[in-house]
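Requesting a structural model of the entry that follows:
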Amino acid sequence: MRPTRVVVALGGNALEDKSMPSTAEAQLEVVKRTSEYIADISLAGYEIAVVHGNGPQVGRILLATEAAKDVTPPMPFDVCGAMSQGYIGYHIQQALKFALKKRGKNIPVATVITQVVVDKDDEAFNNPTKPIGPFYTEEEAKKLAEEKGYVVKEDAGRGYRRVVPSPLPKKIVEIDTIKTLWDTTIAVTCGGGGIPVIEKEDGSLEGVAAVIDKDLAAQRLAEDMDADILLILTEVEKVAINFNKPDQKSLDHMSVEEALKYMEEGHFAPGSMLPKVKAAVNFAKSKPGRKAIITSLYKAKEALDGISGTVIEM
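Here you go, the predicted model:
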């Protein structure tokens with residue numbers, strides 16, 4: 001019998017601490033803490049791949065290239081996404097490899113710079129929704145919209161952020177590479193949801209200015225790898241309905257049918273929990289026996305043991 005396959009989707013809190021400066025050194029310290037929890041999952045016998053977000057990081061890279069435009073040509077958005085995959089992957093490789101070594105487990109950890117095909121006619125290109133970069137006040141947001149032409153929207157009551165198109169992932173270009181690595185290596189892949197590319201008529205690929213939701217990319221990867229569990233790690237231990245209201249209720253379990261009902265009723269914020277629940281539902285209904293779990297990084301192992309988190313299954 002093969003080991004249980006788990007695709008782990010890391011939320012932003014696994015890469016950054018809001019109380020710390022937004023430096024590479026500070027991020028590495030957070031990733032080191034995160035890697036302790038990921039290593040425990042591997043040590044428990046699960047076969048894993050790691051997907052991570054990149055919203056703040058790609059936003060800062062883009063700001064840096066724009067700020068230096070008089071010195072060096074600014075990088076296009078898809079290249080900035082590739083840069084974020086590289087440096088976040090480097091941090092995870094370094095930290096996770098060491099966390100595994102401390103536990104006596106010698107497993108290679110490798111980052112795959114990953115392209116993900118999207119549909120050039122995806123309606124998302126007409127309605128940008130994906131937050132990237134730092135939070136702004138309403139005044140700062142209006143100024144950016146006027147001066148730079150950014151589309152800026154409020155993000156789940158936390159402030160204003162730039163938003164870009166978020167097309168659906170159709171195909172992972174490097175999936176055969178990931179399959180080759182799976183049995184021997186922990187792959188860090190589909191970083192930031194993958195670099196969005198479109199397939200041209202001649203078969204070539206072209207990067208586009210967009211961000212694929214990392215949870216939906218993780219779902220695509222989990223299905224392609226015939227994973228058993230999609231583990232989505234975020235800031236909260238359990239999914240809640242009536243969030244931030246007097247009658248807030250945390251959920252241990254949701255059937256696909258219940259989750260769809262809650263989505264229709266508007267319980268989950270579009271820039272926050274909604275894409276996680278969507279990805280969980282899509283994966284849970286893709287094949288009998290599959291399940292998704294949404295929980296906090298700090299409860300990851302307990303959630304896999306069935307004593308924490310919110311389980312979504314048919």
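
Report the contact partners of the residue most central in space within the chain.
Geometric centre of the chain, nearest residue: Lys214, 3.1 Å, by Cα atoms, centre = their mean. Lys214 is in contact with 9, 51-54, 190-193, counting by Cβ atoms under 8 Å, 6 or more residues apart in numbering. In short, each C-beta sits where N, CA and C put it, glycine included.

now it: how far from Gly55?
Plainly put, Lys214 is 9 Å away from Gly55 if you go by Cβ to Cβ, to the nearest Å.

How about Arg161?
With distances taken as Cβ to Cβ, Arg161 is found 8 Å from Gly55.

Which residue in the contacts of Lys214 has the weakest pLDDT?
Ranked by pLDDT, the contacts of Lys214 bottom out at Asn54, which has 89.

So what's the residue count around that residue?
24 (other Cβ atoms under 10 Å).

Pick out the most distant pair among the contacts of Lys214.
Ala9 and Asn54 (12.3 Å; Cβ to Cβ).

longest helix in the chain, by residue count?
If you go by DSSP state H, the chain has its longest helix at helix 77-102.

And that one, how far out from the chain middle?
Averaging C-alpha positions (Cα atoms, centre = their mean, to the nearest Å) puts helix 77-102 13 Å from its chain's average.

So which elements touch it?
Applying 3 or more Cβ pairs under 8 Å, 6 or more residues apart in numbering; DSSP states H and E, we find helix 77-102 packed against helix 24-43, strand 47-52, helix 55-67, strand 109-111, strand 186-188, strand 195-199, strand 205-207.

What average pLDDT does that helix get?
For helix 77-102, mean pLDDT rounds to 96.

Stretch 18-35 now?
On average, the pLDDT along stretch 18-35 is 92.

cool, and stretch 261-274?
Throughout stretch 261-274, pLDDT has a mean value of 89.

what sits in contact with each of Lys214 and Gly55?
Gly192.

What distance do you get for Val109 to Lys153?
Taking Cβ to Cβ, one finds Val109 at 36 Å from Lys153.

Name the residue in the two with the higher neighbour count.
Per other Cβ under 10 Å, whichever of Val109 and Lys153 has more neighbours is Val109, with 23 against 17.

who does the more buried one bridge with?
Ile186 (DSSP bridges).

Would you check that it makes contact with Thr185?
Yes. Contact status for Val109 versus Thr185: in contact at 7.0 Å, counting by Cβ atoms under 8 Å.

Was I right to think Ile293 contacts Ile232?
Yes. Between Ile293 and Ile232 a contact is recorded at 7.0 Å, counting by Cβ under 8 Å.

where do the contact lists of those two overlap?
Jointly contacting Ile293 and Ile232 under the rule Cβ under 8 Å, 6+ apart are Ala280.

Compare neighbour counts for these two and give me the winner.
Neighbour count, other Cβ under 10 Å: between Ile293 and Ile232, Ile232 has more, with 30 against 23.

quick check, the more buried one in a strand?
Yes. Assessed with DSSP: H, G, I helix; E, B strand; the rest coil, Ile232 lies in a strand.

got the contact list for it?
9, 11, 215, 218, 276, 279-280, 292-295.

of all the residues you listed, which comes closest to Ala269?
Nearest to Ala269, judged by Cβ to Cβ, of these is Lys276 at 10.2 Å.
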